[in-house]
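S.K.: Just to be clear, the model below is a prediction. Sequence and coordinates:
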Amino acid sequence: MIGLPITYSTIQRDEIFMRPSNIHLLGTNEAGQDVLFLVLGGVINSIILSILVVLGTNLIALILGSLMALYGKSLERLLLRVIDIFIVLPSNILIMAISIYIKPSLFWFSFVLILFGWAQGTKLIWSHTKRIVNKDYINAVKSFGGSGPYILRKHIFREVFPLLLVIAIQTTRRVIFLESSLSFLGITNPEIISLGKLINNSLNFLYLEVWRWCLLPPLLGLVGILVTLSSIGIYIEGKIDRRFNVDRDNRA
């Protein structure tokens, strides 16, 4: 049973720099490890990290953003000042600096990404929830004795879910790009397979023909993931924008 995250030690070794064949579809690297398995391991590790960060940031954004819009201006003023501070911070530089000194594990890294990644989503959820709580049907629920937790559970959470999906895709894209960049620079855990680390290792062999199956698969895999996430995000954002426009036209 392969543990998670996937490390280089879990990939079996064979002859070094083998050409792509029926045994090794993408060949082997300088350590005799199957390039296809390495790329898949890097993708899986990126997905694991993205899931952890998305769950953490979306949960914080949903809870804080909804509470800010629903419970008074004093809480809004306090949290908005904190959010503005986190938004203007040079988060990428701070994440890089902190990653140098913390224990290089996937879970500690995800904690740092959550710490600097919750503010933007929280402000978006707050802004959208602010419009929801002013709708007529929410005022009707309040007039019939609907409590804050009931309104959050039955109405607000359902309304902001599409926006959470957009935030999740944007966060996933940013996490994968940032993790690959830091691993390319050698800042993250060197034992954990990463697409950025695979690309960096392959650059040492550009003078050999092996770069075609050592460099191109992780590079194209990373580009493909980022382009796919961007396309999905643009599509969903367009759907949500049309939905908001329809809601505004109906209110008018």
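M.R.: Everything's here; your move.
S.K.: going forward, measure contacts and count neighbours with C-alpha atoms only.
M.R.: OK.
S.K.: so what pLDDT did His244 get?
M.R.: Slight slip there: residue 244 is Phe, not His. Phe244 carries a pLDDT value of 57.
S.K.: Phi, psi for the closest residue to Leu152 other than its chain neighbours please.
M.R.: Spatially, and ignoring its direct neighbours in sequence, Leu152 is nearest to Ser66 (7.3 Å; CA to CA, 6 or more residues apart in numbering). Main-chain dihedrals, Ser66, degrees, to the nearest 10: phi -70, psi -40.
S.K.: Next, count neighbours for Ser66.
M.R.: Using other CA atoms under 10 Å, Ser66 has 26 other residues around it.
S.K.: next one: Leu89
M.R.: Counted with other CA under 10 Å, residues neighbouring Leu89 total 11.
S.K.: hmm, back to that, dump the residue contacts of the residue nearest to Leu152.
M.R.: Shown in contact with Ser66 (CA atoms under 8 Å, 6 or more residues apart in numbering): Ile125, Trp126, Thr129, Leu152, Ile156.
S.K.: what helix or strand does the third one sit in?
M.R.: Element membership for Thr129 (DSSP states H and E) is helix 119-133.
S.K.: Quick check: which helices or strands does that helix pack against?
M.R.: Where contact means 3 or more CA pairs under 8 Å, 6 or more residues apart in numbering; DSSP states H and E, helix 119-133 is packed against helix 35-70, helix 73-88, helix 157-184.
S.K.: Highest mean neighbour count out of those helices?
M.R.: helix 35-70 (a mean of 21; mean count of other CA atoms under 10 Å).
S.K.: where does Leu185 fall, phi/psi-wise?
M.R.: phi -80, psi -10.
S.K.: And Pro5, by the same measure?
M.R.: Main-chain torsions, Pro5, degrees, to the nearest 10: phi -70, psi 160.
S.K.: Let the chain start at 24 from now.
M.R.: Will do, 24 is the new start, and the previous item becomes Pro28.
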